[in-house]
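[1] Model the following, please.
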Amino acid sequence: MLDSLTFLFEKFFLFSNFNIFPNLWQEEPQSVVKCPVLRRGDLLEVHRTLFIHSGIYLGDNRVAHLMPDIMLVLNNNNKQHNKPVVTNKRLILGCMIRKASIRVDSVEDFAHGAQIMVNDMDVKMKCQALLSEEVARRAEKLVGDIPYSLLWSNCEHFVTYCRYGTPVSQQTEQFCDCLKTIIRDQRSVALTVWLGVMYILCVGLSPLTTLPTILFPFFLWMAG
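    Below is the predicted model:
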């Protein structure tokens, strides 16, 4: 039951961040970005596709970052799926199938045409950042394929573990806060009842339609 709810929450989190416009699947143009002065161990953030994407600067124009990628399933040749940079289509499909890798790319490929923010998360985190060399070494040790989860194992979990020693995701916390607000709003109970009744009228009365119509509103009422 918990696994099913987690799966539904992850998919809802993914699609709730979609920007539903015709150019969703179009790739952003690779523009030239003025990069600030970077130091080994810096935490880098860029606005890419649906989320704020994060990585750890390793020096020599290299960034380690956790990136979902459909090619991890379609292509078993690691050398081929690591290059070129993961496009929007590959990223979104990788999120859906929960496959990712911690890979090393150039700063330009990591930014993907977006403006780079450096160590902005330091002011938001309650714990102090580790030494820069320790941050970079942690990132380098984790390079390789890894299971992906929007709620439990995303790019923010990777960078916060490397820089602060604790894997957390502020974007996930914001989503969970939004979900709590929806659950606390008792109008959601009435909405699920109405949807359940409409489903029964369309599909017909059976245990598969009646039980969810009763259980979902009950759980929402108890949780609220």
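
[2] tell me the domain boundaries of the chain?
    Using automatic domain parsing, the domains assigned to the chain come out as 2-167, 185-223.

[3] Got phi/psi on residue 153?
    Dihedral angles phi and psi of residue 153 (degrees, to the nearest 10) take the values phi -150, psi 80.

[4] The nearest residue to it once chain neighbours are set aside - how many residues pack around it?
    Once flanking residues are discounted, residue 153 sits nearest to residue 147: 6.2 Å by CB to CB, 6 or more residues apart in numbering. Heads up, the C-betas are built off the backbone N, CA and C, glycines and all. Using other CB atoms under 10 Å, residue 147 has 9 other residues around it.

[5] same check, this time on residue 89
    Neighbours of residue 89 under the rule other CB under 10 Å: 14.

[6] what about stretch 199-213, start to end distance?
    Stretch 199-213 has its terminal residues 9 Å apart, counting by CA to CA, to the nearest Å.

[7] Give me the mean pLDDT for it.
    Mean per-residue pLDDT for stretch 199-213: 74.

[8] just to revisit the earlier point, now do the phi/psi pair for the residue nearest to residue 153.
    Note on residue 147: its backbone torsions stand at phi -60, psi 150 [degrees, to the nearest 10].

[9] In terms of secondary structure, what does the helix or strand encompassing residue 89 contact?
    Here residue 89 sits within helix 88-97, counting by DSSP states H and E. Contacts of helix 88-97 with other secondary structure elements, assessed using 3 or more CB pairs under 8 Å, 6 or more residues apart in numbering; DSSP states H and E, are made with helix 2-16, strand 62-68, helix 71-74.

[10] Give the buried residues for the last one.
    The reference is to helix 71-74. Of the residues in helix 71-74, those buried by neighbour count under the rule 16 or more other CB atoms under 10 Å are 71-72.

[11] Could you name the helices and strands sitting against it?
    In terms of contacts (3+ CB pairs under 8 Å, 6+ apart), helix 71-74 is packed against helix 78-81, helix 88-97, strand 99-106.

[12] Next, residue 70: phi, psi?
    As for residue 70, its main-chain torsions (degrees, to the nearest 10) stand at phi -60, psi -30.

[13] Pretty sure residue 94 is one of the things it touches, is it not?
    Yes. Counting by CB atoms under 8 Å, residue 70 touches residue 94, with 4.9 Å between them.

[14] In this protein, what residue spans correspond to helices?
    Assigned helices in the chain, in chain order: 2-16, 71-74, 78-81, 88-97, 107-111, 132-141, 155-164, 170-184, 187-203, 207-223 (criterion: DSSP state H).

[15] Next one: residue 70 relative to residue 200, how far apart?
    Taken as CB to CB, to the nearest Å, the spacing of residue 70 relative to residue 200 amounts to 37 Å.

[16] Settle it for me: which of those two has more neighbours?
    For residue 70 versus residue 200, the count of surrounding residues by other CB under 10 Å is larger for residue 70: 20 against 15.

[17] what's the pLDDT at the closest residue to the more buried one other than its chain neighbours?
    Take residue 70 and drop its neighbours on the chain: the residue closest to it by CB to CB, 6+ apart is residue 93, 3.7 Å away. Reported pLDDT at residue 93 in the predicted model: 83.

[18] what do you get for residue 17?
    Per-residue confidence (pLDDT) for residue 17: 47.

[19] next one: residue 67
    Among the per-residue scores, residue 67 holds a pLDDT of 89.
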